[in-house]
Each structure stands twice: as structure tokens, then as C-alpha cells.
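> quick one, fold the following:
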Amino acid sequence: MMVTCYLRYVIDPTKVKEFEHYAKLWIPLVERFGGQHHGYFLPSEGANNIALALFTFPSLATYEQYRQDSFKDEECMAAFDYATQTQCVLSYERSFFRPVLS
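Predicted coordinates:
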């Protein structure tokens, strides 16, 4: 069963540009590991410190394998390091959803 990961980030509103760079690093990485990225969503109107991301994997097991493998991958680790160095991500929460299709 497909699973969609929803990430809600609290970001530093003075570092939206840095967060956008971080987001652009992850899109091809998720896809390389078998996921389908639906994009990152940056603040526009309303709260200036909330960003979202959505991506889907064929199953929760595939997602869990991606998570394990990402901690061994140089490009993924560089993306994690970038977020740490720039401090653009203050915190995040992760939830999982299953799609309802016709």
C-alpha cells in the first residue's frame, strides 16, 4: 500500500532562501531512492515560519529502507549537514497518510 509522508517544518523566517536550497537538494534524492516527491511548500501568506513537504513511497517498508539508506548516502548526509550549518530548520514533524483513489 502506498504511503505519503507529510513533513511540517518550523523554519527560521530569516532563512527561507537557505531552506529553499535545502528543499531543492532533497527532491532528487527522494526520487533516486524510489519515492515520488510532490514538492516543498514555502511560506506565502499567513505564518512565515511554516513549510511543508509531501512525498510518496510504494510502501512503508520502502520508505523505511530509504530512511536507513539515506543515513549512509554522501549526498543525503551533505543535505542534512547543510540544514545543520545554516540552522534554517528549527524543528519538524512527520506524519504518514494513505491515498484514497477512485
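> relative to residue 34, how far out is residue 3?
Relative to residue 34, residue 3 is positioned 12 Å away (CB to CB, to the nearest Å). Using the backbone N, CA and C atoms, a C-beta is placed for each residue, glycine as well.
> neighbours of residue 32, how many?
When neighbours are counted by other CB atoms under 10 Å, residue 32 registers 14.
> ah, wrong one, I meant residue 31
Summarising burial for residue 31: neighbours were counted as other CB under 10 Å, giving 12.
> could you find the closest non-adjacent residue to it?
The spatial neighbour of residue 31 that comes closest, neighbours along the chain excluded (CB to CB, 6 or more residues apart in numbering), is residue 37 at 5.7 Å.
> that neighbour is in contact with residue 24, isn't it?
No. Counting by CB atoms under 8 Å, residue 37 stays clear of residue 24, with 10.6 Å between them.
> among the two, which residue is more densely surrounded?
Per other CB under 10 Å, whichever of residue 37 and residue 24 has more neighbours is residue 37, with 17 against 11.
> and the more buried one, that's in a helix?
No. Counting by DSSP: H, G, I helix; E, B strand; the rest coil, residue 37 falls outside a helix, being strand.
> so which helix or strand takes in residue 25?
helix 16-32 (DSSP states H and E).
> before I go, just wanted to say thanks for your time.
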